[in-house]
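Sequence and predicted structure below; questions after.
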Amino acid sequence: LFGEIELPNDTEAPQLDADLNQTALVIFTSGSSGTPTGIVKSFAQLDAEVALLEQHWGAKLNSSVFVSMVSRHHMFGLPFGLLWPVLRGNAVFTETVDYSESLETLANTFSISLIASPVQLDKMPASLNWQTLKQRTQIIFSAGAPLPEQAAQHCEERDLTVTEIYGSTETGAVAWRQQLTTPLWQCLSGIQVDIDSQAQTLKISSPCLPHSSTRATKPWFISADKARLTGSEQFELLGRADRICKIGAKRISLNQIEHGLESHPWVKQARCLLLEQKHSRIGAVLVLNADGKAALVDQGRLAIKQQLSKHLRNDIDAVALPRYWRYLSAIPVDAQGKHATSLLNSLFTPEQQPRLPELLEQTQTADNTIELRLGIQHNLA
């Protein structure tokens with residue numbers, strides 16, 4: 001594909017190095033495992049992924065303008081939002097679209113292909129001109145985390161089907177699905193999956209992985225995702241493998257603590273992490289349901305903490321009981337919809353906490369005034 005870009009007649013074609021396995025860039029993981037890791041990408045790997053995308057969806061794009069609601073600095077936004085459209089000759093809207101109103105304005109002017117995250121699609125307001133989006137949107141891609149079912153339903157009811165992409169920084173795009181049709185993931189062409197016998201997690205063979213002409217066997221990448229194979233090219237994701245940390249020489253499963261908390265009748269969602277800055281103790285971030293919120297108001301934080309700790313004691317070692325607690329209306333996620341460790345960690349570091357409300361939505365009303373919807377952080381309540 002790199003050789004198919006047309007140049008003006010008076011421009012000399014660039015001479016590419018014959019070795020496309022040379023490094024094109026180094027891209028870092030989101031740090032969800034604790035420390036960001038640099039992943040080397042060659043020109044051959046990037047070219048292979050763009051070729052896969054073109055093979056699967058090129059015919060649906062026509063001359064649409066590519067619009068990104070996600071950053072182009074990771075292995076979803078970069079190939080989908082920049083490399084692919086540039087190599088196939090489509091226009092790219094160079095700014096990252098932060099507000100749904102801007103998306104509506106673009107759709108009024110252009111036919112668009114939308115690159116978005118689950119978080120952004122979940123926040124799409126009902127007041128949008130959905131009819132225009134339906135008529136002018138060629139395709140919607142979403143990646144980074146599973147799309148909430150209500151967001152998929154919300155778009156589907158307006159005849160906008162979201163194509164979800166499964167992959168990672170290391171592998172690039174691996175599979176796709178439209179979850180209201182099937183929860184199963186379908187592999188892209190040339191990609192194989194299996195279950196690793198030791199880790200019991202999904203392993204992936206892809207032309208987008210590093211390869212060498214001297215390698216006798218094809219490379220496999222072992223992910224941290226549990227899965228169930230339903231065919232040679234289809235699978236169902238079953239969540240992440242246990243996140244293990246060590247406290248006092250004991251191996252502690254953060255997943256087990258979260259599952260224990262979510263089994264309590266007050267807890268809607270829980271996320272736990274190891275707080276290095278707090279003498280390697282466990283911090284718990286909780287979203288309470290209506291009963292839990294009522295109990296928090298009536299009984300106070302200390303009583304809630306004591307009851308939740310008592311609930312965990314039968315199944316969790318005492319050293320693994322959370323020592324620090326935060327109660328939020330929603331678990332914070334990054335722009336890709338992931339529970340990044342850095343975001344969760346900042347909740348337990350006072351100097352990193354915001355001092356102003358967060359702007360969630362900006363709407364211009366009929367009388368030409370601006371309405372703002374603000375999110376108030378827990379420390380500002």
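Happy to help now that I have it. Numbers count the residues shown, from 1 in each chain.

got the residue ranges for the helices in the protein?
Counting by DSSP state H, the chain forms helices over residues 43-61, 77-78, 84-88, 100-109, 118-122, 130-136, 149-156, 254-262, 290-299, 301-312, 341-346, given from the N-terminal end onward.

State the mean pLDDT of the first one.
So that's helix 43-61. For helix 43-61, mean pLDDT rounds to 95.

Could you list the low-confidence segments of the protein?
Scanning the chain for pLDDT under 70 picks out 1-18, 30-35, 212-217, 248-249, 334-340, 351-354, 378-381.

In contact with P148: list those residues for me.
Taking C-beta atoms under 8 Å, 6 or more residues apart in numbering as the contact definition, P148 lies against 118, 122. In short, each C-beta sits where N, CA and C put it, glycine included.

Could I get the phi/psi values of it?
According to degrees, to the nearest 10, the main-chain angles of P148 amount to phi -60, psi 140.

Next, work out how far apart it and S142 are.
Taking C-beta to C-beta, to the nearest Å as the measure, P148 falls 10 Å from S142.

quick one: common contacting residues for these two?
Shared contacts of P148 and S142, defined by C-beta under 8 Å, 6+ apart, are found at P118.

With only the CA atoms kept, save stretch 131-149 in CSV.
Below are the C-alpha coordinates for stretch 131-149, written out as CSV (Å, rounded to 0.1, in the frame of the first residue of the first chain):
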residue,chain,number,x,y,z
GLN,A,131,-31.3,11.5,11.3
THR,A,132,-28.5,13.5,9.7
LEU,A,133,-25.9,11.2,11.3
LYS,A,134,-27.7,8.2,9.9
GLN,A,135,-27.7,9.6,6.4
ARG,A,136,-24.2,10.9,6.4
THR,A,137,-22.2,8.2,8.4
GLN,A,138,-20.6,5.4,6.4
ILE,A,139,-19.4,3.4,9.3
ILE,A,140,-18.6,3.7,13.0
PHE,A,141,-15.7,2.0,14.6
SER,A,142,-15.2,1.6,18.4
ALA,A,143,-12.3,0.0,20.3
GLY,A,144,-10.4,0.1,23.6
ALA,A,145,-13.0,-1.6,25.7
PRO,A,146,-16.3,-3.4,25.2
LEU,A,147,-19.1,-1.1,24.1
PRO,A,148,-21.9,-0.9,26.8
GLU,A,149,-24.9,-2.7,25.5
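
Buried residues, that stretch. List them.
Neighbour counts using 16 or more other C-beta atoms under 10 Å place 133, 136-147 of stretch 131-149 among the buried residues.

again with stretch 311-320
Buried residues in stretch 311-320, counting neighbours by 16+ other C-beta under 10 Å, are found at 311-312, 316, 320.

could I get the buried residues of stretch 131-149 as CSV with distance to Q256?
As requested, the buried residues of stretch 131-149 are exported to CSV (distance: C-beta to C-beta, whole Å):
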residue, distance to Q256
L133, 42
R136, 47
T137, 42
Q138, 44
I139, 40
I140, 36
F141, 34
S142, 30
A143, 28
G144, 25
A145, 21
P146, 21
L147, 27
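
In strands, which of those fall?
Judged by DSSP state E, strands contain the following of the buried residues of stretch 131-149: 137-143.

which residues of the stretch 151-300 of the chain fall in strands?
Counting by DSSP state E, counting those that start in this stretch, the stretch 151-300 of the chain forms strands over residues 162-168, 172-177, 185-187, 192-195, 202-205, 221-222, 225-229, 234-240, 244-247, 250-253, 267-275, 281-288, given from the N-terminal end onward.

Keeping just the C-alphas, turn stretch 73-89 into PDB.
As requested, C-alpha coordinates have been extracted for stretch 73-89 and formatted as PDB (Å, rounded to 0.1, in the frame of the first residue of the first chain):
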ATOM      1  CA  HIS A  73      -1.300   8.300  19.400                       C
ATOM      2  CA  HIS A  74      -2.300   4.700  20.000                       C
ATOM      3  CA  MET A  75      -2.900   1.500  18.000                       C
ATOM      4  CA  PHE A  76      -6.500   2.200  17.400                       C
ATOM      5  CA  GLY A  77      -6.500   5.900  16.500                       C
ATOM      6  CA  LEU A  78      -3.300   5.700  14.500                       C
ATOM      7  CA  PRO A  79      -4.100   3.100  11.900                       C
ATOM      8  CA  PHE A  80      -7.900   3.700  11.700                       C
ATOM      9  CA  GLY A  81      -7.900   7.500  12.000                       C
ATOM     10  CA  LEU A  82      -4.700   8.400  10.100                       C
ATOM     11  CA  LEU A  83      -2.700   5.800   8.200                       C
ATOM     12  CA  TRP A  84      -5.600   4.000   6.500                       C
ATOM     13  CA  PRO A  85      -7.400   7.100   5.200                       C
ATOM     14  CA  VAL A  86      -4.200   8.700   4.000                       C
ATOM     15  CA  LEU A  87      -3.000   5.600   2.200                       C
ATOM     16  CA  ARG A  88      -6.400   5.100   0.400                       C
ATOM     17  CA  GLY A  89      -6.700   8.800  -0.400                       C
END
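
what comes into contact with that stretch?
Contacts of stretch 73-89 from elsewhere in the structure, counted by C-beta under 8 Å, 6+ apart, are 1-2, 4-6, 27, 30, 39, 41, 46, 49-50, 53-54, 58, 61, 66, 68, 70-72, 91-92, 113, 115, 141, 143-144, 165, 167-169, 172-173, 336.
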